[in-house]
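Peer 1: With the sequence up front, the predicted model follows.
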Amino acid sequence: KAGVTQTPRYLIKTRGQQVTLSCSPISGHRSVSWYQQTPGQGLQFLFEYFSETQRNKGNFPGRFSGRQFSNSRSEMNVSTLELGDSALYLCASSLAFGTGENIQYFGAGTRLSVL
Amino acid sequence: DAKTTQPPSMDCAEGRAANLPCNHSTISGNEYVYWYRQIHSQGPQYIIHGLKNNETNEMASLIITEDRKSSTLILPHATLRDTAVYYCIVRVAYSFTGTASKLTFGTGTRLQVTL
């Protein structure tokens, strides 16, 4: 069974640009969560999608957005990039939503560098 | 979610058991203890989780004290490939606001396995 797939693996952008990252969950998984990892702040929750609806949102500015498609694939978008957005962006999928019993499985991440 | 306290770093000789402690003294009765690990710059990998009872799987064992205020992750025969940052996470089983899904990562324990 294929794991969580994130594309691209690496990305270099300049300040002010926007970027879209993609995540394909494990087959059959319907919930997708996004996390940001930086050396200073560690791993932080961005948002979670289930049935094409955002269910939870972390404490990030509105420049960070996402969506989920009917096949459960998800994208996240960061507009007007800042240097501080340089990070490893991780996607995790799980079977369902709203319970701590569902194990989240992570992809390898997309490393974004903002110059 | 309850906060966790882990030692910042530990060493273990290859072939020996690695015992990673976690303190979660404010855990409530409906909160799980989860363990993930992250090998350098990869996505976090799920290891094990439990609610009250001790758990074992092919990767590790989880020992939860009777009062549930602390737990220990045991890697029975550590190898060099087990060198990673290990995260202990307390996660609510269910919430009316639907926030039970998200994982709140701390700073973890950096385990170094040596020859």
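Peer 2: Thanks, I have the structure now. Residues are numbered from 1 along each chain as shown, chains lettered A, B, ... in the order given.
Peer 1: And residue A:115, how far from residue A:85?
Peer 2: 11 Å (CB to CB, to the nearest Å). (C-beta placed from N, C-alpha, C; glycine too.)
Peer 1: Looking at those two, which is more packed in?
Peer 2: residue A:85 (22 against 10; other CB atoms under 10 Å in any protein chain shown).
Peer 1: can you pull the contacts of that one?
Peer 2: A:78, A:112, A:114 (CB atoms under 8 Å, 6 or more residues apart in numbering or on different chains).
Peer 1: Of the residues you listed, just say which sits nearest to chain B.
Peer 2: Among the contacts of residue A:85, residue A:112 lies closest to chain B (CB to the nearest CB), at 13.0 Å.
Peer 1: List the residues that contact residue 32.
Peer 2: If you meant another chain, say so; for now it's chain A. Counting by CB under 8 Å, 6+ apart, residue A:32 touches A:23, A:25, A:48, A:49, A:50, A:68, A:72, A:73, A:74, A:91, A:92, A:93.
Peer 1: That was the other one, I meant chain B.
Peer 2: Neighbours of residue B:32 in contact, by CB under 8 Å, 6+ apart: A:100, A:101, B:49, B:50, B:51, B:90, B:91, B:92, B:93.
Peer 1: between the contacts of residue A:32, which is nearest chain B?
Peer 2: Taking the contacts of residue A:32 together and measuring to chain B by CB to the nearest CB, the closest member is residue A:48, at 5.5 Å.
Peer 1: So which bits of chain B are right by chain A?
Peer 2: B:31-32, B:41-46, B:49, B:87, B:91-95, B:98-107 (CB under 8 Å from any CB of the partner chain).
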